[in-house]
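Chemist: Requesting a structural model of the entry that follows:
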Amino acid sequence: MVTANKEMVVYCFDTLVAHYNKEEAPPPAFDEGRHPLFVTWKKVVNGGEPRLRGCIGSLEARDLINGFKDYALISALRDRRFPPIEAKELPLLECTVSILTDYETANDYLDWEVGKHGIIIEFSDPDYNTRRSATYLPEVAAHEGWTKLEAIDSLIRKAGYNGPITDAVRKRIQLTRYQSSLFTMQYGEYVSYVKQARGEAPVTVGAKLRN
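Modeler: Purely as a prediction, here's the structure:
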């Protein structure tokens with residue numbers, strides 16, 4: 001089974017730096033493969049805990065090289081919850097790549113474990129008779145300190161449902177649980193890796209970035 005690794009995160013950083021430079025990113029140092037995947041960008045503000053800056057991916061299997069190349073940019077620049085990440089923010093960024101595995105159909109909306117499973121919910125909106133869906137990666141509920149019920153209710157809102165959340169609404173949910181392999185790297189670690197592997201620091205918009 002393919003697991004998330006350092007080279008995948010390096011490729012995401014390379015891709016974002018190359019975007020600002022209007023260049024092509026260096027070739028990735030990992031093998032081809034097909035898996036569902038996500039790219040998450042966070043930003044350290046005033047030395048505090050990293051804050052989400054963008055997170056988008058695919059629940060369907062994607063070619064890993066093209067998938068990370070695409071979602072490194074989509075999550076950085078086109079997550080509608082946030083303004084696009086600017087080049088000047090690079091030194092404050094942290095990147096996590098996730099490869100999703102072990103998809104299972106749950107018995108009900110509580111048939112999963114906080115900290116172990118990511119969850120995908122699908123349900124019909126009783127007010128508009130439309131289909132809604134949303135997902136949280138495995139680390140989200142644990143990071144937020146949510147119970148399973150709190151995570152489900154938050155995910156219902158994320159899916160775009162604005163009506164009252166009742167037990168009847170929850171029981172409409174079809175839940176798929178999954179697990180993930182992930183790897184996280186901060187920008188400073190990326191710079192050190194590039195210096196060691198390539199003999200020079202990454203450069204963007206005509207100036208060397210601070211470590």
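Chemist: Going by contacts, tell me the helices and strands next to the longest helix seen in the chain.
Modeler: Under DSSP state H, the helix in the chain containing the largest number of residues is helix 6-21. Identification of packing neighbours for helix 6-21 by 3 or more Cβ pairs under 8 Å, 6 or more residues apart in numbering; DSSP states H and E yields helix 64-77, strand 93-105, strand 174-186, helix 187-198, strand 203-204. (Glycine included, C-beta is placed from N, CA and C.)
Chemist: how about that helix: buried residues?
Modeler: Using 16 or more other Cβ atoms under 10 Å as the test for burial, helix 6-21 gives 6-19.
Chemist: quick one: least confident helix or strand in the protein?
Modeler: The weakest-scoring helix or strand in the chain, judged by mean pLDDT, DSSP states H and E, is strand 207-208 (a mean of 44).
Chemist: for the chain, which spans come out with low pLDDT?
Modeler: 205-211 (pLDDT under 70).
Chemist: Restrict stretch 104-115 to CA atoms and write it as CSV.
Modeler: Taking Å, rounded to 0.1, in the frame of the first residue of the first chain, the C-alpha atoms of stretch 104-115 are listed here in CSV:
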residue,chain,number,x,y,z
GLU,A,104,-16.1,1.1,4.4
THR,A,105,-19.9,1.6,4.4
ALA,A,106,-21.0,2.3,8.0
ASN,A,107,-24.1,0.8,9.6
ASP,A,108,-25.3,4.2,10.7
TYR,A,109,-24.0,7.8,11.3
LEU,A,110,-22.3,6.9,14.6
ASP,A,111,-20.5,3.8,13.3
TRP,A,112,-17.0,5.2,13.2
GLU,A,113,-14.2,6.2,15.6
VAL,A,114,-12.9,9.7,16.3
GLY,A,115,-9.2,10.0,15.5
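Chemist: What residues of it count as buried?
Modeler: In stretch 104-115, counting by 16+ other Cβ under 10 Å, buried: 106, 109, 112, 114.
Chemist: Contact partners for the third one?
Modeler: When you say that, I think you mean residue 112. Neighbouring residues of residue 112 by Cβ atoms under 8 Å, 6 or more residues apart in numbering: 106, 119, 148, 175, 177.
Chemist: Over to residue 165?
Modeler: Taking Cβ under 8 Å, 6+ apart, we find residue 165 in contact with 153, 156-157.
Chemist: Next secondary structure element downstream of the longest helix of the chain?
Modeler: Note on helix 6-21: by DSSP states H and E, the next helix or strand toward the C-terminus is strand 34-43.
Chemist: So which other helices or strands are in contact with that following strand?
Modeler: Judged by 3+ Cβ pairs under 8 Å, 6+ apart, the packing partners of strand 34-43 are strand 51-63, helix 64-77, strand 93-105.
Chemist: Quick check: buried residues in stretch 33-42?
Modeler: Judged by neighbour count (16+ other Cβ under 10 Å), stretch 33-42 contains these buried residues: 35-42.
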